[in-house]
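Student: after the sequence you'll find the predicted model.
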Amino acid sequence: GGGGGGASAQGGGGVTAQARMMPQPQAAPEAPPQLQSFADVLALIEKKRDIALRLDVERFVRPVSFRPGAIEFEPAPGAPANLAQRLVARLKEWTGQPWLIAAQGGGGAESLWERQKREEREVRAQIEQDPFVRSVMEAFPGAEIISIRNTPLPDAASVAEAPEDDED
């Protein structure tokens, strides 16, 4: 026995139960994302969790120009040959719009990855010029800077919420 479907509505309650079951007026599923900048494109790829595409776009796409529906970029050395096609296919799938993506010979800005690498080099150069770091490097010949970490300072809010000791 399975106890029936329980669908027989009794008394006057049947009408309201019926009304709740009626299909809702078609709400737009989710408005397609409006991409206003190249950063929006990266954010969308991230949101859709297409890791391979995200890594390729971050590493090899040097944006030249962006307008909704059209991206021109300079491929960085080593870019996969099918990168533009993959990006076109994904953006069309995700936005419902056709996209024109053109790879140019040159003139692109740095790719995200190239910018991060340059910034790392600049930070390292600054650190190497720091008098304290220089004195350490001179005191320990052969020492080298292996990695540079930005440790975020604890923000005041999280410090304020720390439980207090009630041992008084």
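Tutor: Structure's in. What do you need?
Student: chain neighbours aside, what residue packs nearest to residue 102?
Tutor: Leaving aside its chain neighbours, residue 102 sits nearest to residue 72 (4.8 Å; criterion: Cβ to Cβ, 6 or more residues apart in numbering). Using the backbone N, CA and C atoms, a C-beta is placed for each residue, glycine as well.
Student: could you check how many residues crowd around the one you found?
Tutor: Neighbours of residue 72 under the rule other Cβ atoms under 10 Å: 18.
Student: so it touches residue 104, yeah?
Tutor: Yes - at 5.4 Å, residue 72 counts as touching residue 104 under the criterion of Cβ atoms under 8 Å.
Student: quickly list what's touching both of the two.
Tutor: residue 64 (Cβ atoms under 8 Å, 6 or more residues apart in numbering).
Student: for the host helix or strand of residue 137, buried residues please.
Tutor: Assigned by DSSP states H and E, residue 137 belongs to helix 131-139. Within helix 131-139, no residue is scored as buried using 16 or more other Cβ atoms under 10 Å.
Student: dump that helix to CSV, keeping only the CA atoms.
Tutor: What follows is helix 131-139, C-alpha atoms only, in CSV (Å, rounded to 0.1, in the frame of the first residue of the first chain):
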residue,chain,number,x,y,z
PRO,A,131,67.2,49.5,3.6
PHE,A,132,66.2,46.8,6.1
VAL,A,133,66.0,44.1,3.5
ARG,A,134,69.3,45.3,2.0
SER,A,135,71.0,45.1,5.4
VAL,A,136,69.7,41.6,5.8
MET,A,137,70.8,40.5,2.4
GLU,A,138,74.3,41.9,3.1
ALA,A,139,74.5,40.3,6.5
